[in-house]
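Chemist: Next come a sequence and a model predicted from it.
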Amino acid sequence: MTDACGPPAFVRRYAAFAAVATAVNVAAQHVSSTLYAGRYELYAAMAAGTFTGLVAKYVLDRRWIFHDRPTSVRGHAVRFALYSLTGVLTTGIFWGTELAFAAMGDTRWLRYAGAVFGLAIGYVAKYHLDKRFVFREWTL
């Protein structure tokens, strides 16, 4: 699938959507950590951020990056399942980076910095995985 705006506009748009999804992720983590401060706070927050960021990024990528418009519920379900599957590797990058930053100090802001850094790396890899395995030229 090609982009009529050319690579520079496409790259800016993808980066902007990655920033939006990152903000959604970190905001969900912050809300989760505010609501639950127990033993598994970090992991609950990371799960909440992962889910909300995944959904936000899928909606944006599907429509505005890959120009995909499945015509059925099944088509959406298959695309989202594949999109989630390609996210397993990139989630590992994001979680590993956030956990490494969290190990450096016991502050939410250090953790969030790790999340932002890990997500930035992960989203670069995710674009290539999604282009190759999720949003291919096929009919669903």
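Modeler: All right, it came through fine. Numbers count the residues shown, from 1 in each chain.
Chemist: Low-confidence bits of the protein, can you list those?
Modeler: For the chain, applying pLDDT under 70 flags the ranges 1-7, 137-140.
Chemist: show me where it has helices.
Modeler: 7-35, 41-60, 73-104, 108-129 (DSSP state H).
Chemist: In the first one, which residues are buried?
Modeler: So that's helix 7-35. 14, 17-18, 21-22, 24-26, 28-30, 32-33 (16 or more other C-beta atoms under 10 Å). Using the backbone N, CA and C atoms, a C-beta is placed for each residue, glycine as well.
Chemist: among the residues you listed, which two are most distant?
Modeler: 14 and 33 (28.4 Å; C-beta to C-beta).
Chemist: And for the closest residue to residue 50 other than its chain neighbours, the neighbour number?
Modeler: What sits nearest to residue 50 in space, not counting adjacent residues and going by C-beta to C-beta, 6 or more residues apart in numbering, is residue 91, at 5.8 Å. By other C-beta atoms under 10 Å, the residues close to residue 91 number 19.
Chemist: same deal with residue 51?
Modeler: 14.
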